[in-house]
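Novice: Could you work out the structure for the sequence below:
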Amino acid sequence: MERKELLFGTAYYPEYMPWDRIDEDFDMMEKAGMNVVRIAESTWSTLEKEDGVFDFSYIDKVLKKAEETGMKVIIGTPTYAVPSWLVKKDPDIMVTTKEGKAAYGHRQIFDILNPTYLHYGERVIRRLLEHTAFHPSVIGFQIDNETKHYGNDGEEMQRLFREHLQEKYKDTDTFNRTFYLSYWSNSIHSWDDLPDMRGCVNGGLVGEYEAFKRTVAARFLAWQADLVREYKREDQFITHNLDFEWKKFGADIAQDGYSYGVQPDLNHQEASRCLDIAGTDIYHPTQDDLTGAEIAFGGDSIRSLQDKNYLVLECQAQAFKYWTPYPGQLRLHAYSHLASGAAGEMYWNWHSIHNGYETYWRGLLSHDLQSNPTYREACVIGREWKEHAEELAGFTKKNRIALLVDNRSLTALKWFPIDRDLSYNDVVRWMYDSLYEMNLECDVVDVHALKEDRYDMIVTPALYCAGEDLIRRLDAFVKRGGVLVSSFRSFVSDEQASVYPDAQPHGLTDCFGMTYNQFTEPGRAMIKGEKIQYFMELMKPESAGREAGYEHPYWGEYAGITRNAYGNGAAWYVGCFTEKELLKEVYQKAAKDAKIPLPAYTWPVTIRSGRTKEGADLHYVLHYSQEERDITCPWDLAEDVLTGKSYRRDDRIHLKDWDVLILREK
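Specialist: Predicted coordinates:
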């Protein structure tokens, strides 16, 4: 999607409002510099009050007002929350999971394979598209909302999985051997004997099942995209708001966490294939816990799906009490999204809801629906984006580092945990955060979408499941001159989670120049004077250099970090969970191997770089701190896009709390 403007707006739900105030809302949006609203994705029971009785009056009001004011509209298909009359018609619409059949009430608790749901879902999509696709204010369509497989273990899902296994493995003998199913008498000799997957105790087979369910969810999105394509104009796009694993602090409620990590229940790479432009929802800590890492990770992930700009379809305005932004933080959030390659952002949502499950997930407006400091800061963002859109739109990035992520490894390490307190996504965050804090920018790439020739350095966090083809490609990558940095629990099993029956790391012992066949709880072990947590592999270097050894009376003979010169490149292996500072030392040396210059500054001064559509180098300088500080200009000559102020190399640049500069090199 190439646009000369940045999209800036909000999800808008006039149907939730305590009274009709659409004129006032659009006036306030216009004052904030907003140019787009997203509507309809939550409103099936409003649009179709009973079977076949449609009412698009509230949508008509929004579209009429949008046309009058020049506001653009993204229409959401209203399929992720079903009306009660539909469930009454067919109770089997409710999803069956390990816990049994869901009870009506919550969203996203339906069976995406249920024929009744699909029939009525198609009908409401078609009627909505017939009603809106022609409208000049409608620029695109969001299909469904934060789609996943919803833990679907229903009969149809299991039947289709059985067909998938039969097609993939052909005969039961091959299937049994692949997953070692003779263990505990789990082998089958007729496909009809495949047991209910809810009782499966084979982690590899569950991994295959989870991968299949993710594919089914991606097909569900593709089905909706195909319906939309029958109606949409060439100048309209299809998008979807891909979300991430919700990292929880405590109780199992939304308020106790934030989004950061590989999504377990949908493969983003698969799902993005049906989209014209990838979209995302990113929620993160603020106040004293604002780091920008969650925004950067989400952006680096979604941008890498299609290697182009993406949309932030949902991000926070105020939300919970501990997310109410300090002055300056909302603006910093917004520019952080642009610095990752976003083509625009939209708040969830415009107004705080007065009753319902998300009453205190506050929008841009509080419950009094009046101006407030957060809204006034949004007005600053809107004004700046409108003034500088020509320069900031079309910003592109070309990173030299790839961080590989893998859903199958995520599933496998749920079954075979590294530690009860260390998940796959914890390792991903550890390795990503360390790069981020060093201002070593990376693409976050699905393991099956890797184009290794594009990169000089590849990082693999806990890549437990690795196929032979990928292993050969990584070996060749290092031989040609690339740099590989891998963590513990990488290259352990094949994609079916069957552990390779030879020296680990499988297929790369020459590349890494070491082997290991034991691992352990660290206990009191240390490395370079720092305590090790959770896990350590007992590595025996062969050609590799021993970069750091374990400090322990019994494990001291083993290496904890190794580097091996291999062909024209180098391979680093970190065999234990270290403090981030030690991992950063590894990255510093690995970047030198890859001839990637180390940036002059580290977090909380974050520098995210790319190019304008005219080819000028553009650097977002983002300051994630309440402490003011000075830095010196690291470029020969640069001009701040927002203020017009110029800086020469070594000139002092003063950064205020939560500050933003956008420096264009001259």
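Novice: Beyond the strand or helix carrying R303, next helix or strand please.
Specialist: Using DSSP states H and E, R303 falls within helix 293-306. Per DSSP H and E, the first helix or strand lying C-terminal to helix 293-306 is strand 310-316.
Novice: tell me which strands and helices that following strand is in contact with?
Specialist: Packing partners of strand 310-316 (3 or more C-beta pairs under 8 Å, 6 or more residues apart in numbering; DSSP states H and E): strand 279-282, helix 293-306, helix 329-339, strand 342-348. The way it works is simple: take the backbone N, C-alpha and C, and place the C-beta from them, glycine included.
Novice: can you tell me which of these comes nearest to Y13?
Specialist: strand 342-348 (10.0 Å; C-beta to C-beta).
Novice: What mean pLDDT does the one helix or strand R219 maps to get?
Specialist: Element membership for R219, per DSSP H and E: helix 203-229. The average pLDDT for helix 203-229 rounds to 98.
Novice: Repeat that for stretch 428-442.
Specialist: Mean per-residue pLDDT for stretch 428-442: 98.
Novice: again, but for stretch 147-165
Specialist: pLDDT averaged over stretch 147-165 gives 97.
Novice: what do you get for stretch 530-537?
Specialist: Per-region confidence: stretch 530-537 scores 97 on mean pLDDT.
Novice: Over to stretch 383-398?
Specialist: Mean per-residue pLDDT for stretch 383-398: 95.
Novice: Next: stretch 447-460.
Specialist: Stretch 447-460 comes out with an average pLDDT of 98.
Novice: so how far is the first residue of that stretch from its last?
Specialist: Terminal residues of stretch 447-460 are spaced 9 Å apart (C-alpha to C-alpha, to the nearest Å).
Novice: mind listing what's buried in it?
Specialist: 447, 449-450, 452, 455-460 (16 or more other C-beta atoms under 10 Å).
Novice: what's the span of stretch 132-150, first residue to last?
Specialist: Chord length of stretch 132-150, first to last residue, is 29 Å (C-alpha to C-alpha).
Novice: mind listing what's buried in it?
Specialist: Neighbour counts over stretch 132-150 (16+ other C-beta under 10 Å) mark 132-133, 135, 137-150 as buried.
Novice: In helices, which of the residues you listed appear?
Specialist: T132 (DSSP state H).
Novice: Next, the residues that contact the helix or strand following the helix holding R219 from outside, please.
Specialist: Downstream of helix 203-229, the first helix or strand assigned by DSSP H and E is strand 237-239. Contacting residues not belonging to strand 237-239 are listed as 1, 74, 139-143, 225, 228-229, 232, 274-279, 311, 313 [C-beta atoms under 8 Å, 6 or more residues apart in numbering].
Novice: just stretch 625-633 next, same as before
Specialist: Stretch 625-633 has contacts (C-beta under 8 Å, 6+ apart) with 288, 326, 600-601, 604-605, 621, 623, 647-658, 663.
Novice: Give me the buried entries from these.
Specialist: Among the contacts of stretch 625-633, the ones that count as buried by 16+ other C-beta under 10 Å are 601, 604-605, 621, 623, 647, 653, 655, 657-658, 663.
Novice: Nearest to Y322 among the residues you listed?
Specialist: Nearest to Y322 among the buried ones among the contacts of stretch 625-633: W658, at 16.3 Å, using C-beta to C-beta.
Novice: Counting neighbours, what do you get for the closest residue in space to the closest one that isn't next to it in sequence?
Specialist: Using C-beta to C-beta, 6 or more residues apart in numbering and skipping the chain neighbours, the partner closest in space to W658 is G328 (3.6 Å). For G328, the neighbour count with other C-beta atoms under 10 Å is 17.
Novice: Spit out the contact partners of G328.
Specialist: 377, 656-659.
Novice: Could I get the buried residues of stretch 447-460 in CSV, plus columns for distance to K98 and secondary structure?
Specialist: CSV is the format used below for the buried residues of stretch 447-460 (distance: C-beta to C-beta, whole Å; DSSP: H, G, I helix; E, B strand; the rest coil):
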residue, distance to K98, secondary structure
V447, 27, helix
A449, 30, helix
L450, 33, coil
E452, 38, helix
Y455, 39, coil
D456, 44, coil
M457, 40, strand
I458, 36, strand
V459, 34, strand
T460, 31, strand
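Novice: Relative to A218, which of these is nearest.
Specialist: Nearest to A218 among the buried residues of stretch 447-460, with distances taken as C-beta to C-beta, is A449, at 13.5 Å.
Novice: quick one: what helix or strand has the residue nearest to that closest one when sequence neighbours are not counted in it?
Specialist: The shortest distance from A449 to any non-neighbouring residue, by C-beta to C-beta, 6+ apart, is to Q269 (5.0 Å). In the assignment (DSSP H and E), Q269 maps to helix 268-272.
Novice: Which other helices and strands does that helix contact?
Specialist: Using 3+ C-beta pairs under 8 Å, 6+ apart, helix 268-272 sits against helix 203-229, strand 241-242, helix 293-306.
Novice: related to what we said a few turns ago, show me what the helix holding R219 is packed against.
Specialist: When contacts are defined as 3+ C-beta pairs under 8 Å, 6+ apart, helix 203-229 sits against helix 115-132, helix 155-169, helix 172-179, strand 237-239, helix 268-272, helix 407-415.
Novice: buried set for it?
Specialist: In terms of neighbour count (16+ other C-beta under 10 Å), helix 203-229 has its buried residues at 203-218, 220-225, 227-228.
Novice: now stretch 517-526
Specialist: 519-520, 522, 525.
Novice: From those, pick the one nearest Y117.
Specialist: Using C-beta to C-beta, F519 is the member of the buried residues of stretch 517-526 that sits closest to Y117, with 46.0 Å.
Novice: Check whether the closest one really touches P505, as I assumed.
Specialist: No: F519 is not in contact with P505 according to C-beta atoms under 8 Å; the separation is 11.9 Å.
Novice: quick one, phi/psi of N202?
Specialist: phi -100, psi 110 (degrees, to the nearest 10).
Novice: Pull the number of nearby residues for the nearest residue in space to it that is not next to it in sequence.
Specialist: Of all residues not flanking N202 in the chain, F179 sits nearest, at 5.6 Å (C-beta to C-beta, 6+ apart). Counted with other C-beta under 10 Å, residues neighbouring F179 total 24.
Novice: mind listing what F179 touches?
Specialist: Per C-beta under 8 Å, 6+ apart, neighbours of F179: 186, 202, 204-205, 208, 496, 498.
Novice: Make CSV out of those and add distance to N439.
Specialist: Conversion of these to CSV gives the following (distance: C-beta to C-beta, whole Å):
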residue, distance to N439
N186, 49
N202, 43
G204, 39
L205, 42
E208, 39
Q496, 38
S498, 39
